[in-house]
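Asks: next input, structure requested:
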Amino acid sequence: QVQLVESGGGLVQAGDSLRLSCVASGRTFSSYVMAWFRQAPGKEREFVAAIRRSGGSTYSTDSVNGRFTISRDNAKNTVYLQMNSLKVEDTAVYYCAASTLGLVSTVRLYDYWGQGTQVTVSS
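Replies: Here you go, the predicted model:
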C-alpha cells in the first residue's frame with residue numbers, strides 16, 4: 001500500500017515556473033514507477049510524465065517536452081515535477097501516481113493516486 005500526497009500547486013502567470021512535489025508513504029517507494037497526470041475541467045485525465053524506479057529514464061508527453069522535468073529522490077520518497085514556461089493550457093489538477101509496471105502512460109495501469117494539487121495559469 002502506498003499513500004501519495006501532492007503539494008506545490010498555485011496560481012501563477014503565463015511564463016512562470018512551479019515545482020510540484022509528491023511524498024509517498026511506506027518503504028517501497030523505489031519499487032514503483034512514478035508519474036504525473038493532470039485533469040482540466042471537463043476533460044479526461046491525461047499523462048504528463050513518468051520516471052523509472054532508479055530515476056535513470058523518463059518519458060513525457062509532447063506538449064510538455066522541453067518545459068517540464070520529472071525527477072525523484074528515493075531517499076526522501078519524493079517525486080517532483082518542475083514546470084517552466086507555464087501556459088494557460090497547463091491549468092489543471094495535477095496528480096501523482098505509482099505503478100508496478102514500466103514507463104506506461106495509461107491511467108488504468110497506475111495503482112495508487114494522490115488527491116491532486118491545483119495549478120492555475122493566468123494570461
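Asks: how many neighbours does the closest residue to S25 other than its chain neighbours have?
Replies: Among residues not flanking S25 along the chain, Q3 sits closest, at 4.1 Å (Cβ to Cβ, 6 or more residues apart in numbering). The C-beta positions use only the backbone N, C-alpha and C, and glycine is treated the same way. Residues near Q3, counting by other Cβ atoms under 10 Å, number 13.
Asks: need the contact list for Q3.
Replies: A24, S25, G26, Y112 (Cβ atoms under 8 Å, 6 or more residues apart in numbering).
Asks: list only buried entries from those residues.
Replies: Listed as buried from those are A24, Y112; burial here means 16 or more other Cβ atoms under 10 Å.
Asks: just put the contacts of Q3 in CSV and tack on secondary structure, pLDDT and distance to M83.
Replies: Converted to CSV, the contacts of Q3 look like this (DSSP: H, G, I helix; E, B strand; the rest coil; pLDDT from 0 to 100; distance: Cβ to Cβ, whole Å):
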residue, secondary structure, pLDDT, distance to M83
A24, strand, 97, 20
S25, coil, 95, 24
G26, coil, 79, 26
Y112, strand, 95, 22
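Asks: noted, bye for now.
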